[in-house]
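> build me a structure from this.
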Amino acid sequence: MLILVAQGTISNRGAIMRRQILFTHILLSSALILNACGAENSQTADLQAAAKVKAAAESASSDAADLASSDVTAPTEMRKVEPVPTPGITAQAVPGQTENFTASIYPAQPQNNEKYAHADDNPVKRVAETPVSTFSIDVDTGSYANIRRFLMNGQKPPADAVRVEEMLNYFSYDYKPPRDSSIPFRADADVMPTPWNPDTKLLRIAIKGYQPPLDHRPAANLVFLIDVSGSMQDPDKLPLLKAGMKMLVDRLNAEDKVTIVTYAGNAGLVLPPTAGDEKEAIHAAIDGLEAGGSTAGGEGIALAYAKARAAKIDGGINRILLATDGDFNVGVTDIDALKSMIEENRKSGIALSTLGFGEGNYNDALMEQIADVGNGNYGYIDSLNEAKRQLVDGLQANLMTIAKDVKIQIEFNPAIVAEYRLIGYENRALAREDFNNDKKDAGEIGAGHTVTALYEISLVGSKGQTVDPLRYQDDGNASTGVRTDEFALLRLRYKEPEGDVSKLIETPLRTVWLDGDREPDADDNFAAAVAAFGQYLRGGDRLGQYDLGQIASLARAGRGEDARGERAEFINLVELTDALAPSQNK
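So this is what the prediction gives:
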């Protein structure tokens, strides 16, 4: 069963205001051009032209101001995010959201409130002191689509909105799959020179999930939990969600079940469990959804689980898909209470995924965390194309779990590797002892998913080391009895979808991989470019002089076949960011 929740706000008059602001921008630019060309015109003609441009600009700005003072929701393109803290979330304001962008020439806009959980970048660690790195798998993609929304609006995204692992895992890679379903995924690794630091190397962990034939998908019990509160009425929220739902429903069959639950001030049942081939009835229920009221999200989640349990399909897919902007403001609103509710209900074998919509009041922190607790995925939908990608193209991968509680642990050999830094996965870190603890929750992998993780490593004796060794401790130099044919050991733990006891996979990483000048393949180059861009958006402290132009060139070298054009879109985003950035970044 799948549940979707949604919320939002945008108006036609808001769109008019955007056009007015854009017109002002054009007029102001025209004034600058006229001024530059003044040497070729008479002073009188130049002053007259400039006066006309100025008058037109003032008129357009006045119209925009009039709209801003009305009941229109102000455009979010240039809003500065000032989050309101949510209990249980370390939500930070994001000063300088439009910093380094040409947005500074736009009229000041009303502030809005978007919430992002803060996480510091992973530090460099010395292998002699901390040889083991442990984290939970992650296949969420919401961060990438969300920062794309910012960049396409001409804004620099808040640093806390950027999670590098979700950018990496948004894209598929040509990884080798497992031989059959007896082992749900295959784990490989390779090494390449670090593009932004010639004295270090990039270790790429590559995981590919087993993908059964498309016609072998188990029956799905899907409960759509729809947020129909007032903030969901904007065109980029509930209307976009409804279009995406219809595309998904059109791919269902008679063995599938669809239930629709809505919530605003109260939760309610719109469509009882209905066979997937009764499309006319399901479409009619979707068409009847309208937004209005406050947001009692906790009550909606409770009802959704109740309906999902009632229609549960043994051996099938049972999932709630929560689609919302995350603006829970009535009833259970504390994130810890919501997480406890979801954690208790997931024991029934029903997963909960989240789909985020909209801008201005978007709660990314809530959406990501409750999807993690619900053994589901987190995605953000900023367009109809993304709705299709999430709900149609990713139907099998996003709904069909092939392994749960997947954990990665790497033990580095101090005789070979001096330092390492995990790029991304900051909020997925686990204690070393958590790796063998089957009670500790971790991430899930869906059918056909690819998962990528990157470590920047410095070898013993190289110039890439940045941390001074401890004075009174063995620095891990090679000695008798220490093997040097392996530079690390990769361990993975996972459970079967219905299992409670984990299984272990171990893969030694050979020192010979560190030798020679292996030419990076397209996936190596592209993954490195995505990681570099993510780090740039988070501040770029580790990139040195590596700039956006070099990142774009690296991404172009890794574009490959790109049948769906997703890599080309990424390259365009990097180039757009470069065009908007100040001259010192070029």
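> and the helices in the stretch 101-250 of the chain?
Using DSSP state H, counting those that start in this stretch, the helices of the stretch 101-250 of the chain run over residues 142-152, 164-168, 238-249.
> nearest to Arg518, out of the ones you listed?
Closest of the helices of the stretch 101-250 of the chain to Arg518 is helix 164-168, at 20.5 Å (criterion: CB to CB). (C-beta placed from N, C-alpha, C; glycine too.)
> quick one, grab the pLDDT at the closest residue to Tyr263 other than its chain neighbours.
Spatial nearest neighbour of Tyr263, excluding adjacent residues (CB to CB, 6 or more residues apart in numbering): Gly300 at 3.0 Å. You'll see Gly300 listed with a pLDDT of 85.
> change the start of the numbering to 17 and stick with it
With the count now opening at 17, the last piece we talked about shows up as Gly316.
> in terms of contact, does Gly316 touch Leu285 like I think?
No - using CB atoms under 8 Å, Gly316 is not in contact with Leu285, being 10.8 Å away.
> so for those two, which residue has more residues nearby?
Gly316 (30 against 14; other CB atoms under 10 Å).
> quick check: buried residues in the helix or strand where that one lies?
Using DSSP states H and E, Gly316 falls within helix 313-326. Of all the residues in helix 313-326, those buried under the rule 16 or more other CB atoms under 10 Å are 313-321, 323-325.
> show me what contacts the one residue sitting closest to the centre of the chain?
Nearest residue to the geometric centre of the chain (CA atoms, centre = their mean): Ser159, 2.2 Å. When contacts are counted by CB atoms under 8 Å, 6 or more residues apart in numbering, Ser159 touches 177-179, 182-183, 380, 396.
> what's the closest of those to Leu508?
Glu182 (19.8 Å).
> list phi and psi for the residue nearest to Pro147 when sequence neighbours are not counted.
Closest residue to Pro147 apart from its sequence neighbours, by CB to CB, 6+ apart: Phe428 at 5.2 Å. Dihedral angles of Phe428 (phi, psi; degrees, to the nearest 10) stand at phi -90, psi 140.
> who are the packing partners of the helix or strand hosting Leu589?
Using DSSP H and E, the element containing Leu589 is helix 582-596. Of the remaining helices and strands, those touching helix 582-596 by 3 or more CB pairs under 8 Å, 6 or more residues apart in numbering; DSSP states H and E are helix 158-168, helix 538-553, helix 564-573.
> name the residues of that helix that come out as buried.
583, 586-591, 593-594, 596.
> quick one: residues in contact with stretch 384-395.
For stretch 384-395, contacts defined as CB under 8 Å, 6+ apart pick out 105, 133, 155-158, 161, 179, 335-338, 351, 354-355, 358-359, 362, 367-372, 383, 402, 406, 414, 417, 420, 443, 457, 459-460, 462.
> PyMOL command to pick out the buried ones of those residues?
Those of these that count as buried under 16+ other CB under 10 Å are selected in PyMOL with:
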select buried, resi 105+133+155+156+157+158+161+179+335+336+337+338+351+354+355+358+362+367+368+369+370+371+372+383+402+406+414+417+420+443+457+459+460+462
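> now do Gly308 against Ala283, distance only.
As judged by CB to CB, to the nearest Å, Gly308 and Ala283 stand 14 Å apart.
> sec struct for Lys420, please.
Of the three states, Lys420 takes strand under DSSP: H, G, I helix; E, B strand; the rest coil.
> please read the previous query as pertaining to Met357.
Going by three-state DSSP: Met357 is helix.
> and the helix or strand hosting Leu337, how far out from the chain's middle?
Take DSSP H and E as the rule and Leu337 turns out to sit in strand 333-340. Centroid separation between strand 333-340 and its chain, computed with CA atoms, centre = their mean, to the nearest Å, is 17 Å.
> just to revisit the earlier point, which one of the helices and strands packed on helix 582-596 lies closest to Pro229?
That would be helix 538-553 among the helices and strands packed on helix 582-596, by CB to CB, at 24.4 Å.
> which of the residues in that closest one are buried?
Buried residues in helix 538-553 (16+ other CB under 10 Å): 538-553.
> quick one, what contacts the spatially closest residue to Asn393 that is not a sequence neighbour?
Distances taken as CB to CB, 6+ apart put Ser369 closest to Asn393, at 4.7 Å, once the chain neighbours are dropped. Residues in contact with Ser369 (CB under 8 Å, 6+ apart) are 18, 335-338, 387, 390, 392-395, 414.
> between those, which is nearest Asp196?
For the contacts of Ser369, the nearest to Asp196 is Asn414 (22.2 Å; CB to CB).
> tally of neighbours for the residue nearest to that closest one when sequence neighbours are not counted?
Leaving aside its chain neighbours, Asn414 sits nearest to Asn393 (5.4 Å; criterion: CB to CB, 6+ apart). Neighbour count of Asn393, defined by other CB under 10 Å: 29.
> also Asn213?
Asn213 has 18 neighbours, counted by other CB under 10 Å.
> what's the answer for the one 3 residues further on, then?
As a burial measure, the neighbour count of Thr216 was computed by other CB under 10 Å and equals 25.
> ok, Asn541 touching Ile567?
No - in this structure, Asn541 is not within contact of Ile567 by CB under 8 Å, at 10.7 Å.
> returning to that earlier point: now tabulate the buried residues of helix 313-326 in a markdown table and tack on distance to Thr466.
Converted to a markdown table, the buried residues of helix 313-326 look like this (distance: CB to CB, whole Å):
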| residue | distance to Thr466 |
| --- | --- |
| Gly313 | 32 |
| Gly314 | 34 |
| Glu315 | 37 |
| Gly316 | 33 |
| Ile317 | 30 |
| Ala318 | 35 |
| Leu319 | 35 |
| Ala320 | 30 |
| Tyr321 | 30 |
| Lys323 | 33 |
| Ala324 | 28 |
| Arg325 | 32 |
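> for Gly170, state which of those residues is nearest.
Gly313 (31.2 Å).
> what about His299, neighbour count?
15.
> tell me the contacts of it?
The neighbours of His299, taking CB under 8 Å, 6+ apart as the test, are 262, 265.
> what strand or helix carries it?
Per DSSP H and E: His299 is located in helix 295-303.
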